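>>> need a structure here:
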Amino acid sequence: MERVTGVLLVPTAHSTIRPADSDLDTASDRRSPISPEQNLFWSVLEDSAREALKNALGDLILGVLTAQKMLENLANALEFTERLRIVFGTSGAKTIQFVIVKELYRRLNLPFDPEGLFDYATFLQAAKNSFSKRRRRDE
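Just a heads-up that it's a prediction; the model follows:
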């Protein structure tokens, strides 16, 4: 069900995500260096989060979240969920994660159809897998 078209993804200089600490990575990923493909995905995730939060909550709240280092490990779903839950409650955390994932899927040109219960980690893993497949196919 993957919809793929050409998209140019450019990493940013302000990336702070540490994918090797992610609960999305496999054990083999943790033993090997992070590939340029992985760095690119995590950069797109961070850019998506910043844009989604800016649009949903405004520059001021984005600045506060950034200053409090709330966006440092977006790839670690458990840690990120807990940090958001402490500040925004369970419903607020889910809503914030939803808008982040929706923006990530838009940037990756993937269909976003959250039928049933939304799970941040599941949708991140699916986006990462689709991104990796597309990159391998385009090589």
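
>>> where does the chain dip in pLDDT?
1-33 (pLDDT under 70).

>>> Residue 61 and residue 121: what is the separation?
The spacing between residue 61 and residue 121, counted by Cβ to Cβ, to the nearest Å, is 24 Å. Using the backbone N, CA and C atoms, a C-beta is placed for each residue, glycine as well.

>>> Can you tell me the SS state at residue 114?
Secondary structure, DSSP: H, G, I helix; E, B strand; the rest coil: residue 114 is coil.

>>> Find me whatever residue is spatially closest to residue 93, sequence neighbours aside.
residue 84 (3.6 Å; Cβ to Cβ, 6 or more residues apart in numbering).

>>> tell me the phi and psi of that neighbour?
With angles defined as degrees, to the nearest 10, residue 84 sits at phi -70, psi -40.

>>> just checking, it touches residue 99?
No. Using Cβ atoms under 8 Å, residue 84 makes no contact with residue 99, being 11.5 Å away.
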